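**Student:** Task: produce atomic coordinates for the following.
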Amino acid sequence: MIEGPYVVLAVLGALTTGLMAGVFCAFSVLVMRGLAALPPAQGVAAMNAINTSAMTPVFMVLFLGSAALCAVITVVTFVLWPDHGTARLLVGSALYLCGAFGVTVMANVPRNETLMRKEPGTPEAVAYWPVYLREWTRWNHVRTLASAASAAVYLLALV
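**Tutor:** Modelled structure (predicted):
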């Protein structure tokens with residue numbers, strides 16, 4: 001069993017990455033399905049509004065804070081190299097940093113930026129909308145699974 005600061009770090013890691021898994025999951029199973037049911041012009045406008053409003057302090061602190069916490073866990077683990085749970089702490093961090101944060105930066109955000117440049121209702125936006133829905137949601141599933149797996153691995157580090 002891990003000891004000392006690792007217990008606190010693993011619990012915080014599990015909580016924050018688990019919360020992010022919930023946010024991503026809600027988007028995949030609720031929000032994106034609802035947007036897909038709208039006419040393309042309305043879907044594009046709604047998603048652009050969501051992407052603009054997502055930049056709230058609460059979301060950004062949770063999303064970026066989870067990444068920062070995972071980075072701290074990685075550094076502390078490498079520097080102090082605990083007797084137990086080392087691999088789990090590192091895997092938990094890697095899952096979130098690569099599978100959630102990295103995918104967001106490399107896959108979801110570029111698609112959001114492309115969609116934002118399209119005027120809702122134009123033929124270009126209408127043609128891009130089903131592609132956006134399919135690709136963005138697929139990558140969001142990856143973020144969901146990676147965040148959930150990260151939380152699970154952090155919890156396993158506690159035992």
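
**Student:** Can I get stretch 76-88 as CSV, trimmed to CA atoms?
**Tutor:** Output of stretch 76-88 as CSV, limited to C-alpha atoms (Å, rounded to 0.1, in the frame of the first residue of the first chain):
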residue,chain,number,x,y,z
VAL,A,76,7.0,13.4,-7.3
THR,A,77,6.8,9.7,-8.1
PHE,A,78,9.9,9.9,-10.3
VAL,A,79,11.9,11.9,-7.8
LEU,A,80,10.9,10.0,-4.6
TRP,A,81,10.2,6.6,-6.2
PRO,A,82,7.9,5.1,-3.6
ASP,A,83,8.2,1.4,-2.5
HIS,A,84,4.7,0.6,-3.6
GLY,A,85,2.3,1.8,-6.3
THR,A,86,4.9,3.5,-8.5
ALA,A,87,3.7,1.9,-11.7
ARG,A,88,0.1,2.6,-10.9
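
**Student:** Please tell me how far that stretch is from the chain's geometric centre.
**Tutor:** Stretch 76-88 has its C-alpha centroid displaced from the chain centroid by 24 Å (CA atoms, centre = their mean, to the nearest Å).

**Student:** and that stretch, which residues are buried?
**Tutor:** Residues of stretch 76-88 classed as buried: 76, 77, 85, 86, 88 (neighbour count, 16 or more other CB atoms under 10 Å). Just so you know, the C-beta spots here come from the backbone N, C-alpha and C atoms, and that holds for glycine as well.

**Student:** any idea which of those residues is least confident?
**Tutor:** Among the buried residues of stretch 76-88, residue 85 carries the weakest pLDDT, at 89.
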